[in-house]
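Q: return atomic coordinates for the entry below.
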Amino acid sequence: MLLFLVKLLFYLIRFIPVRVVGALGAGLGRVYYYMDRRHRKIALKNLLRVYPEKSADWRTRTAREACAELGRTSLELPHVFLRSREFLLSRIEISGEELLKQALSQKKGVILAACHHSNWELGALSISMLGYKANSVYRSIRQQPIDHFIVQARGRFGATLQARNKGLRWLPRAIKENSCIGLMIDQHLSSGLPVPFLGHLANTTTLPATIHNKYHTPIMGIALQRIGRSFSFQLKFWPIDIDIKDSNESNQMQLICDSFAPLIHARPELWLWIHRRWLYLDEQETAAR
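A: This is a model prediction of the structure:
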């Protein structure tokens with residue numbers, strides 16, 4: 001029954017013009033900012049940590065608009081999951097695709113490091129839309145029928161979704177097939193390594209560095225940047241040059257994380273500030289008190 005309702009909602013929203021859906025989602029996101037005190041406090045604390053020099057009004061406005069972006073992105077999902085390849089690609093400008101092709105020419109696969117930035121679901125879908133083999137690690141949803149529906153939507157152009165709790169047995173084959181391997185690097189991971197993210201230590205996955213060191217797979221950054229407030233985007237690829245003489249995973253992950261800083265600083269409202277990215281420091285500060 002729940003799956004039926006989710007599908008019905010998706011198909012109904014699909015027939016509303018995407019510009020209307022985006023505006024409605026942004027409005028709901030702003031309402032959410034004021035109603036959800038817990039996540040509002042997390043966003044403001046994160047912004048204070050990263051931008052102490054900014055005014056309180058600026059941080060409040062940025063946190064509110066980050067919630068608006070989250071709402072806009074959420075209500076755009078039916079369009080992302082159900083509209084045609086031609087429609088979606090018509091809304092994306094691509095920058096740096098030749099660099100991705102150069103990396104793939106090594107025949108060792110490519111690690112695509114990404115963040116929860118703007119409409120990240122469309123960003124993840126774009127790899128297979130462009131015709132590249134793609135494997136993405138994802139967190140399963142507890143409701144299995146809904147999880148199956150979302151996995152089908154994410155993989156409808158040929159991408160393969162790999163559940164995070166299923167291990168990495170699929171990885172050697174993906175590299176042999178010269179696949180793009182999508183990995184999110186901006187979420188707190190309790191078993192991760194403390195690495196500076198936007199200038200402050202945060203527990204971070206080491207998987208991109210581990211794969212690179214074992215298979216010599218090149219690493220690239222990928223980000224989808226919204227153009228204004230419309231359903232139009234720039235998809236950007238950039239290489240992350242890892243010193244082959246330095247196999248220190250902390251140094252490698254810092255290079256990866258640092259490559260996203262200019263993008264986030266340019267338009268901080270597009271990033272997911274309501275996530276406790278610096279829980280590692282929060283826990284240390286609580287223990288010290």
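
Q: burial of the residue lying closest to M253 once chain neighbours are set aside, as a residue count?
A: Nearest residue to M253 in three dimensions, chain neighbours excluded: V195, at 4.6 Å (Cβ to Cβ, 6 or more residues apart in numbering). C-beta here means a position set from N, CA and C on the backbone, and glycine is covered the same way. Neighbours of V195 under the rule other Cβ atoms under 10 Å: 25.

Q: kindly report the same for V110.
A: Taking other Cβ under 10 Å as the definition, V110 ends up with a neighbour count of 28.

Q: also the one 5 residues further on?
A: Under the neighbour criterion other Cβ under 10 Å, C115 is assigned a count of 23.

Q: wait, it sits on F260?
A: Yes. Using Cβ atoms under 8 Å, C115 makes contact with F260 at a distance of 5.5 Å.

Q: who touches both of the two?
A: Listed as contacting both C115 and F260 by Cβ atoms under 8 Å, 6 or more residues apart in numbering are I185, D186, A223.

Q: mind checking the SS state of the last one?
A: Reducing the assignment at A223 to three states with DSSP: H, G, I helix; E, B strand; the rest coil gives strand.

Q: re the thing from before, ok, so of the shared contacts of C115 and F260, who is nearest R64?
A: Among the shared contacts of C115 and F260, D186 lies closest to R64 (Cβ to Cβ), at 20.4 Å.

Q: who's in contact with that closest one?
A: Counting by Cβ under 8 Å, 6+ apart, the residues that D186 touches are C115, H116, H117, F197, C257, F260, W271, L272, H275, R277.

Q: pLDDT added to these, as a markdown table?
A: Listed next are the contacts of D186 as a markdown table, based on pLDDT from 0 to 100:
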| residue | pLDDT |
| --- | --- |
| C115 | 97 |
| H116 | 96 |
| H117 | 94 |
| F197 | 98 |
| C257 | 97 |
| F260 | 98 |
| W271 | 98 |
| L272 | 97 |
| H275 | 97 |
| R277 | 97 |
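
Q: ramachandran angles for F197?
A: Main-chain torsions, F197, degrees, to the nearest 10: phi -130, psi 120.

Q: what lies in contact with the helix or strand that K45 is a member of?
A: Taking DSSP states H and E as the definition, K45 sits inside helix 37-50. Applying Cβ under 8 Å, 6+ apart, the contact partners of helix 37-50 are 32-34, 54, 59-60, 62-63, 66-67, 198-200, 268, 273-278, 281.

Q: looking at these, which are in strands?
A: Among these, DSSP state E puts H200 in strands.

Q: for PyMOL, what selects the buried ones among the contacts of helix 37-50?
A: In PyMOL, this line selects whichever of the contacts of helix 37-50 come out buried by 16 or more other Cβ atoms under 10 Å:
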select buried, resi 32+33+59+62+63+66+67+198+268+273+274+275+276+277+278+281
